[in-house]
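>>> Generate coordinates for the sequence data below:
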Amino acid sequence: MWLTAQAAGDTRPAVQAPLAATTLLLDAAVAGDRVIAVGQRGHILLSDDGETWKQARVPVRALLTAIHMHDDATGWAVGHDAVILRTDNAGDTWRLLHRAPDEERPLLDVWFRDKETGFAVGAYGYFLTTRDGGATWTSRAVSQDDFHLNEIVPAGGERLFLAAEAGVVYRSDDGGGTWRELDSPYTGSWYGALVLDADRLLLLGLRGHLFRSEDAGASWTPVATHTTATLTDAVRLPSGHLLFTGLEGVILTSRDEGRSVSTTRLPSRQGIASALALADGGLLLTGEFGVRRLSGLESLPKPE
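Numbers count the residues shown, from 1 in each chain. Below you'll find the model as predicted:
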């Protein structure tokens, strides 16, 4: 979805980062009291107060697309050139675990069940697994097709979902060992899913399409979003409300677990890549504007 690629390069020193308001950032995660955001040119930005940011030491300059923190210290980030990075000190420093630029298959998401077992997914059916914390990776095929795998989503227990392009969605009921393609309600790409519990989830994707399932993807019900902007991410807030983000600055909110939504957008109309719920009730958005912190739903523009 975000097509700007950057070449690999040398490690850069940590600096104070006005980059937080000027660079494309695509994902963020919480590590204890710290927030970590990743994005363009290998930028990884750290904030311990939600207001000021510094740049971490990173051994690549590839576009970073996703980050997953397993606990307050240990996490992984992935991106273009099939880059996989690991931190063991809450993002202060990062080690390069995997890089394969010649394959020309960017990684788009990463998730770890525990400190040893993890998955990284990406373009053209790229599906990597590790059982040693990322020291070594094995390439596998989810299916005979080579659709882009945009996001891997855990649903508790052994159940996982994969949101993919061309209207494809996969489900695993054995912890990622095997996958089956579900009947899809739409032929356009899915960019993410929000799991409410093992059986209930929402799929989000191109042209504002949002669908809800009560039976683990066996059937789907459309949700009217009143937008044709691509939806990019979703999060459940501590209040129980759901929030969905999209391009063109679109933000959807739901007070009834996704059965209906209210639509608003950032005045700047800049694309939003991800949303992160913060412990204090605030929200952190990443996107074309870098990072933006909101105090909560009450700080959003009024619904359209």
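>>> residue contacts, residue 95?
Residues counted as contacts of residue 95 (Cβ atoms under 8 Å, 6 or more residues apart in numbering) are 59, 85, 86, 87. C-beta: built from backbone N, CA, C; applies to glycine.
>>> Equivalent analysis for residue 117, please.
Applying Cβ under 8 Å, 6+ apart, the residues near residue 117 are 129, 130, 131.
>>> Could you rerun that using 6 Å?
By Cβ atoms under 6 Å, 6 or more residues apart in numbering, residue 117 lies in contact with residue 131.
>>> now that we're looking at it, how far away is residue 182 from it?
Going from residue 117 to residue 182 by Cβ to Cβ, to the nearest Å gives 24 Å.
>>> Kindly report the same for residue 28.
29 Å.
>>> now do residue 150
Distance from residue 150 to residue 182, by Cβ to Cβ: 15 Å.
>>> quick one: buried residues of stretch 147-157?
147, 148, 149, 150, 151, 152, 153, 154, 155 (16 or more other Cβ atoms under 10 Å).
>>> can you put those residues in CSV and add pLDDT and distance to residue 72?
Shown next, in CSV, are the buried residues of stretch 147-157 (pLDDT from 0 to 100; distance: Cβ to Cβ, whole Å):
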residue, pLDDT, distance to residue 72
147, 96, 35
148, 98, 32
149, 98, 28
150, 98, 27
151, 98, 23
152, 98, 22
153, 98, 22
154, 97, 19
155, 96, 24
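>>> Check the gap between residue 297 and residue 49 for me.
22 Å.
>>> who's more crowded, these two?
The neighbour count for residue 297 versus residue 49, taken as other Cβ atoms under 10 Å, is higher for residue 297 (17 against 9).
>>> in this structure, which segments are predicted with low confidence?
Within the chain, the segments meeting pLDDT under 70 span 1-17.
>>> ok, 90 please
Filtered on pLDDT under 90, the chain yields the residue ranges 1-22, 49-51, 238-239, 279-282, 294-304.
>>> so what's the closest residue in space to residue 24 that isn't next to it in sequence up against?
Once flanking residues are discounted, residue 24 sits nearest to residue 40: 4.2 Å by Cβ to Cβ, 6 or more residues apart in numbering. Listed by Cβ under 6 Å, 6+ apart, the contact set of residue 40 reads 23, 24, 63.
>>> quick check, nearest of those to residue 246?
residue 24 (15.6 Å; Cβ to Cβ).
>>> what's the spacing between the closest one and residue 38?
10 Å.
>>> Of those two, give the one with the bigger neighbour count.
The neighbour comparison of residue 24 against residue 38 (other Cβ under 10 Å) goes to residue 38, with 28 against 20.
>>> Can you verify my assumption that that one contacts residue 44?
Yes: taking Cβ atoms under 6 Å as the definition, residue 38 is a contact partner of residue 44 at 5.2 Å.
>>> returning to what we had before: quick one: which of the contacts of residue 40 is nearest to residue 304?
The closest of the contacts of residue 40, once distances to residue 304 are taken by Cβ to Cβ, is residue 24, at 25.5 Å.
>>> The closest one and residue 291, how far apart?
Applying Cβ to Cβ to residue 24 and residue 291 gives a distance of 11 Å.
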